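Participant: Sequence and predicted structure, then a few things I'm wondering about:
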Amino acid sequence: MPTKTEQLKKIKDEVLALEESPLYAYRTENKYFPVIGEGSHDAKIMFVGEAPGRNEAQSGRPFFGAAGKVLDELLAHVGIERKDVYITNIVKDRPQQNRDPLPEEIKIYGPFLDRQIDIIQPKVIATLGRYSMDYIMRKFNLNAELQPISKAHGKLFDAEASYGPIKIAVLYHPAVAIYDNKKIPEMKKDFEILKGLDK
């Protein structure tokens, strides 16, 4: 059986060679990296964002720019270390002008995220933003619970993964605080639902 590291490297190799992706040419023309994910391969909590921005695509690391600083602050608030969680996105390549991911992009990259979940087997998947919330809740048959993120944020849902019970935590995308820093106290309160779930 290949190790988790080997299985995750295989995903990286496949994404690097994903010429059928509508974002492949944009990545290669700009000498961007795909952003596969980083953190502990035995993480209890997996954070799933939407798609990489420019800083992420230039570094190959998720949440590496301004939104990453907000995420670090939110993690610190609840006493969780970034190195102990796994952080990824649904879409692994940067969309042009940081636009929202398109349905066909989510469709082509989603299966890689599904495999990452099965490899890492987190106990909690924390969704960051509405695209991530929508994808993960539908994946785990929580369609009936779907609400606008303005109502769903800060909630925990029970679900079943292929490897056992799992919790889905719905959180605002950290970029929200960049546009409206008055949201930070509310976002910190939302993150408190993760306390103790990283054990």
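Facilitator: Looks like it arrived, so ask away.

Participant: Let me see the contact set for E145.
Facilitator: With contact taken as CB atoms under 8 Å, 6 or more residues apart in numbering, E145 is in contact with 137, 152, 157. Using the backbone N, CA and C atoms, a C-beta is placed for each residue, glycine as well.

Participant: Quick check: phi and psi at it.
Facilitator: Dihedral pair for E145: phi -90, psi -10, per degrees, to the nearest 10.

Participant: From M187, how far off is it?
Facilitator: 21 Å (CB to CB, to the nearest Å).

Participant: Contacts only, for G53.
Facilitator: Neighbouring residues of G53 by CB under 8 Å, 6+ apart: 65, 67, 94, 98.

Participant: In a markdown table: those residues, plus neighbour count.
Facilitator: Written out in a markdown table, the entries for the contacts of G53 read as follows (neighbours: other CB atoms under 10 Å):
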| residue | neighbour count |
| --- | --- |
| G65 | 18 |
| A67 | 22 |
| R94 | 26 |
| N98 | 12 |
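
Participant: taking those residues as a set, which two sit the farthest apart in space?
Facilitator: Distances among the contacts of G53 were taken as CB to CB; the most separated pair is A67 and R94, at 13.2 Å.

Participant: give me the element the closest residue to F63 other than its chain neighbours is part of.
Facilitator: With CB to CB, 6 or more residues apart in numbering as the criterion, F63 has its nearest non-adjacent residue at 4.9 Å, and that residue is L71. Applying DSSP states H and E as the criterion places L71 in helix 66-77.

Participant: for the record, mean pLDDT for that helix?
Facilitator: The average pLDDT for helix 66-77 rounds to 96.

Participant: Describe which strands the very next helix or strand once past it pairs with in its sheet and in which direction.
Facilitator: Following the chain from helix 66-77 toward its C-terminal end, the next helix or strand by DSSP H and E is strand 86-89. Strand partners for strand 86-89, identified by DSSP bridges, are recorded as strand 38-39 (antiparallel), strand 45-49 (parallel).

Participant: Can you get me the centre-to-centre distance for the last one and its chain?
Facilitator: When C-alpha coordinates are averaged (CA atoms, centre = their mean, to the nearest Å), strand 45-49 and its chain have centres 4 Å apart.

Participant: In this protein, mark out all the helices, start to finish.
Facilitator: 4-16, 24-29, 54-59, 66-77, 103-120, 130-139, 149-152, 176-179, 184-191 (DSSP state H).

Participant: got the CA coordinates for the longest one in PDB?
Facilitator: Provided in PDB are the C-alpha atoms of helix 103-120 (Å, rounded to 0.1, in the frame of the first residue of the first chain):
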ATOM      1  CA  PRO A 103     -18.700  24.900 -12.400                       C
ATOM      2  CA  GLU A 104     -16.600  23.000 -14.900                       C
ATOM      3  CA  GLU A 105     -13.400  23.900 -13.000                       C
ATOM      4  CA  ILE A 106     -14.900  22.600  -9.800                       C
ATOM      5  CA  LYS A 107     -16.000  19.400 -11.700                       C
ATOM      6  CA  ILE A 108     -12.500  18.700 -13.000                       C
ATOM      7  CA  TYR A 109     -10.600  19.400  -9.800                       C
ATOM      8  CA  GLY A 110     -13.200  18.100  -7.300                       C
ATOM      9  CA  PRO A 111     -12.200  14.400  -7.700                       C
ATOM     10  CA  PHE A 112      -8.600  15.300  -6.500                       C
ATOM     11  CA  LEU A 113     -10.000  16.900  -3.300                       C
ATOM     12  CA  ASP A 114     -12.200  13.700  -2.800                       C
ATOM     13  CA  ARG A 115      -9.000  11.600  -3.000                       C
ATOM     14  CA  GLN A 116      -7.200  13.900  -0.500                       C
ATOM     15  CA  ILE A 117     -10.100  13.500   1.900                       C
ATOM     16  CA  ASP A 118      -9.900   9.700   1.600                       C
ATOM     17  CA  ILE A 119      -6.100   9.700   2.000                       C
ATOM     18  CA  ILE A 120      -5.900  12.000   5.000                       C
END
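
Participant: Thanks again, I'm all set now.
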